[in-house]
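1. next one to model:
(chains A and B)
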Number of protein chains: 2
Amino acid sequence: MSRLRVTEKTGKLYLEDLSTGQTFTSGAWVMEAAKIKEFASEFDPQPFHLDEDAAASSIFKGLVASGWHTAAVAMRLLATGNLQFANGFVGLGGEIAWPRPTRPGDILHLESEILEIRPSRSKPRQGLVTLRSTMLNQNGESVYVLTAKLIVPRRPALTVE
Amino acid sequence: MSRLRVTEKTGKLYLEDLSTGQTFTSGAWVMEAAKIKEFASEFDPQPFHLDEDAAASSIFKGLVASGWHTAAVAMRLLATGNLQFANGFVGLGGEIAWPRPTRPGDILHLESEILEIRPSRSKPRQGLVTLRSTMLNQNGESVYVLTAKLIVPRRPALTVE
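-> The predicted structure is shown next:
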């Protein structure tokens, strides 16, 4: 059960609005073959991302998206989803895994959970939030897991006039 | 000093060609403002990746590339560079960090090092290679570090006719 409180004014979340165990489900995204090839042409020009025939004889036995395309789609699902931090998504880094490839026609969505919330000692106006986002395909199989450290600001103090 | 041995026939590397401590330097890539916005429009539509004015008042104090754009550029530098594994780059996952943002006009390159080589126990024809790739900007500052676990095949046995 979500204990999410959304700030009334902006709908965006400050550190004080978050608690560990909160979960968020994204919308869906269909991975299209044309987009797989387009992304790969620009950023990951390897045969198994570019050409069905070449991919058929690769370790993947068929066309697969670049892992970085999958990661980029995950970012889009986060950035356009119902979980919005007050400063946006500002990531320092984290852990990344691709347990399975994503393939043309896959219908993908993200399930995210707040794992840890840590107020900053050096910067009192912000904290570090650990968010794990798991991307699942239409068969419920995990294709991507990002466990990211994000900077989230504290709520600004009220101004007394 | 590199102890790299390149296989004569393909120029591509098998597990037996690798040793820890081998280093590889990529070509350069210029991060352009138009490309920053184009990538962000598709995958990371946040104000500090899309619009100079909005970015000026953000935590970044200016337009910055999506971290996933930086990651995708790193993949391109690897995929088109002088370090080529026999099966391509097949990554299982790893650790990722963005110590600094990348900005329009930044000239980026990668310095990669093989940290570990571990033959697979369950799959005798392949092994796991840990490759750390650090992306540096024109000031020698680290903007991105990926420490990835890659599947690399063993050299096929010779066929005696």
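2. need the contact list for the closest residue to A:Gly67 other than its chain neighbours.
-> Using Cβ to Cβ, 6 or more residues apart in numbering or on different chains and skipping the chain neighbours, the partner closest in space to A:Gly67 is A:Trp98 (4.7 Å). For the C-beta atoms, the positions are set from N, CA and C on the backbone; glycine is no exception. When the contact criterion is Cβ atoms under 8 Å, 6 or more residues apart in numbering or on different chains, the partners of A:Trp98 are A:Gly67, A:Thr70, A:Val143, A:Tyr144, B:Gly91, B:Leu92, B:Gly93.
3. show me where chain A has its strands.
-> Here chain A has its strands, by DSSP state E, at A:23-30, A:91-97, A:107-119, A:126-136, A:142-153.
4. my read is that A:Phe85 contacts A:Leu13, right?
-> Yes: between A:Phe85 and A:Leu13 there is a contact at 5.3 Å, judged by Cβ atoms under 8 Å.
5. overlap in contacts of those two?
-> With Cβ under 8 Å, 6+ apart, A:Phe85 and A:Leu13 have common neighbours A:Val152.
6. looking at the two, which is more packed in?
-> A:Leu13 (23 against 20; other Cβ atoms under 10 Å in any protein chain shown).
7. distance of the more buried one relative to chain B?
-> 15 Å (Cβ to the nearest Cβ, to the nearest Å).
8. now do the same contact list for A:His49.
-> Counting by Cβ under 8 Å, 6+ apart, A:His49 has contacts A:Ile36, A:Lys37, A:Phe39, A:Ala40, A:Ala55, A:Leu63, A:Val64, A:Ala65, A:Ser66, A:His69.
9. of those residues, list those near chain B.
-> A:Phe39, A:Ser66, A:His69 (Cβ under 8 Å from any Cβ of the partner chain).
10. residue contacts, the last one?
-> A:His69 is in contact with A:Met31, A:Lys35, A:Ile36, A:Phe39, A:Ala40, A:Phe43, A:Asp44, A:His49, A:Thr102, B:Ala72, counting by Cβ under 8 Å, 6+ apart.
11. what count of nearby residues applies to the last one?
-> Meaning B:Ala72. B:Ala72: 23 neighbours (other Cβ under 10 Å).
12. just to revisit the earlier point, looking at the strands of chain A, which is nearest to chain B?
-> strand A:91-97 (3.3 Å; Cβ to the nearest Cβ).
13. re the thing from before, give me the subset of the contacts of A:His69 lying in helices.
-> Among those, the members falling in helices (DSSP state H) are A:Lys35, A:Ile36, A:Phe39, A:Ala40, A:Phe43, A:His49, B:Ala72.
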